[in-house]
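Novice: Predicted structure and sequence below. I'll ask about it afterward.
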Amino acid sequence: MKAIQVPKTGGVEVLAYIDLPTPKPKPNEVLVKIAAAGVNFIDVYFREGRYPATPPFILGQEASGVVSEVGSDVKEFRPGDRVAFTGIAGAYAEYEAVPADRLVRMPAGITDHQAAAAMLQGMTAHYLTHSTYPLKKGDIALVHAAAGGLGLLLVQMSKNLGARVIATVSTDEKAKLARDAGADEVIFYTKQDFEVGRQDHLRSGSQCSSSARLSRAFRRLQRACAAIRPGQALAERILVYYASHAGSSHCEP
């Protein structure tokens, strides 16, 4: 099979497109013929050596495809089933052996590309809106980077749960994406301080859940902290910080 391997950590020049033996599934595994693989920042971190991994290794943490073969102990899947998975390294390949309990059966009507793109980001958006802070009707969600893959899912899930969504974006094109996904209000953080803009939008609000993809700067996280600082007419203020590829940040309580 063909695969993209990292023989040593470094820049994009270390990526090698090579031939490898097709893996055989263990008794508890399923051999998946990869149809589409997700591309995420974590792949860059492994390739650069920021996250520990012993070379050589195959990149990729999520994919969709078709079951090609099942291990002797696997009963819930059979060849031909359409499946997707995340959190299993090695998706940049034509085939991958995946533990059966890590597979999700793909619903009819979902394309291979949609499934591969939605696994990691979709699970993240789901736990933020359903577990970290269960959004409900009447809540207000401030979503940063709302036109990104995760941001668009956050906007849609928040709206489906009945929340009012305020999105921050950088361009007119991204504003349209956020509005098309259901955002009620849009703040251009390149033109307007989102702390001030958020206070204007929420002046009469009752609750705020701030799901922040503060991916570029410590300064932006500090401003997000200020945007939910006590002393305003909000019954509840929550800042959820995720996607830490901008480096460490500190927020005073």
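Specialist: Arrived safely, thanks for sending.

Novice: For the rest of this, base every contact and every neighbour count on C-alpha atoms.
Specialist: OK.

Novice: so how far is Thr190 from Asp172?
Specialist: Distance, Asp172 to Thr190, by CA to CA, to the nearest Å: 11 Å.

Novice: likewise Gly109?
Specialist: To Thr190, Gly109 is 38 Å away according to CA to CA.

Novice: between those two, which one's more packed in?
Specialist: Thr190 (11 against 7; other CA atoms under 10 Å).

Novice: residues in contact with the closest residue to that one other than its chain neighbours?
Specialist: In space, and not counting its chain neighbours, Thr190 is closest to Ser170: 5.4 Å by CA to CA, 6 or more residues apart in numbering. Residues in contact with Ser170 (CA atoms under 8 Å, 6 or more residues apart in numbering) are 188-190.

Novice: Same check on Phe188?
Specialist: By CA under 8 Å, 6+ apart, the neighbours of Phe188 are 168-171, 175, 194.

Novice: Buried subset of those residues as a ChimeraX selection?
Specialist: A single ChimeraX command selects the buried members of the contacts of Phe188 (16 or more other CA atoms under 10 Å):
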select :168,169,170,175,194
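
Novice: The contacts of Phe188 in strands, which ones?
Specialist: Using DSSP state E, 168-169 are the members of the contacts of Phe188 that sit in strands.

Novice: and the closest residue to Ala63 other than its chain neighbours, what pLDDT?
Specialist: Excluding the flanking residues, the one nearest Ala63 by CA to CA, 6+ apart is Ala37, at 4.1 Å. At Ala37, the pLDDT value in this model is 97.

Novice: any idea how far Ala37 is from Gly138?
Specialist: 37 Å.

Novice: between these two, who's got more neighbours?
Specialist: The neighbour count for Ala37 versus Gly138, taken as other CA under 10 Å, is higher for Ala37 (26 against 14).

Novice: Surely that one touches Gln114?
Specialist: No: using CA atoms under 8 Å, Ala37 is not in contact with Gln114; the gap is 10.1 Å.

Novice: center of this protein, which residue is that?
Specialist: The residue lying closest to the centre of the chain (CA atoms, centre = their mean) is Gln121, at 2.2 Å.

Novice: what separates that residue from Thr168, distance-wise?
Specialist: According to CA to CA, Gln121 stands 18 Å off from Thr168.

Novice: Gly122 now?
Specialist: The value you get for Gly122 to Thr168, if CA to CA is used, is 19 Å.

Novice: How about Ala146?
Specialist: Look at Ala146 and Thr168: by CA to CA, they are 6 Å apart.

Novice: on that earlier part again, check contacts around the residue nearest to the centre of the chain.
Specialist: Shown in contact with Gln121 (CA under 8 Å, 6+ apart): 149-150, 153.

Novice: what do you get if the cut-off is 10 Å, keeping everything else the same?
Specialist: Shown in contact with Gln121 (CA atoms under 10 Å, 6 or more residues apart in numbering): 38, 40, 86, 149-154.

Novice: now swap in Thr9 and tell me
Specialist: 15, 44-50, 52-57.

Novice: Got phi/psi on the nearest residue to Ala93 once chain neighbours are set aside?
Specialist: The shortest distance from Ala93 to any non-neighbouring residue, by CA to CA, 6+ apart, is to Ala3 (4.0 Å). Per-residue torsions, Ala3: phi -150, psi 160 (degrees, to the nearest 10).

Novice: neighbours around Ala3, how many?
Specialist: The number of residues packed near Ala3 is 23, by other CA under 10 Å.

Novice: Model confidence for it, exactly?
Specialist: pLDDT, Ala3: 98.

Novice: returning to what we had before: which neighbours do Ala37 and Gln114 share?
Specialist: With contacts defined as CA under 10 Å, 6+ apart, the residues adjacent to both Ala37 and Gln114 are 63-64.

Novice: hey, where'd the helices end up in the stretch 101-250 of the chain?
Specialist: In the stretch 101-250 of the chain, the segments counted as helices under DSSP state H, counting those that start in this stretch are 112-127, 149-160, 172-181, 194-202, 218-227.

Novice: That's all I had, so thanks and see you.
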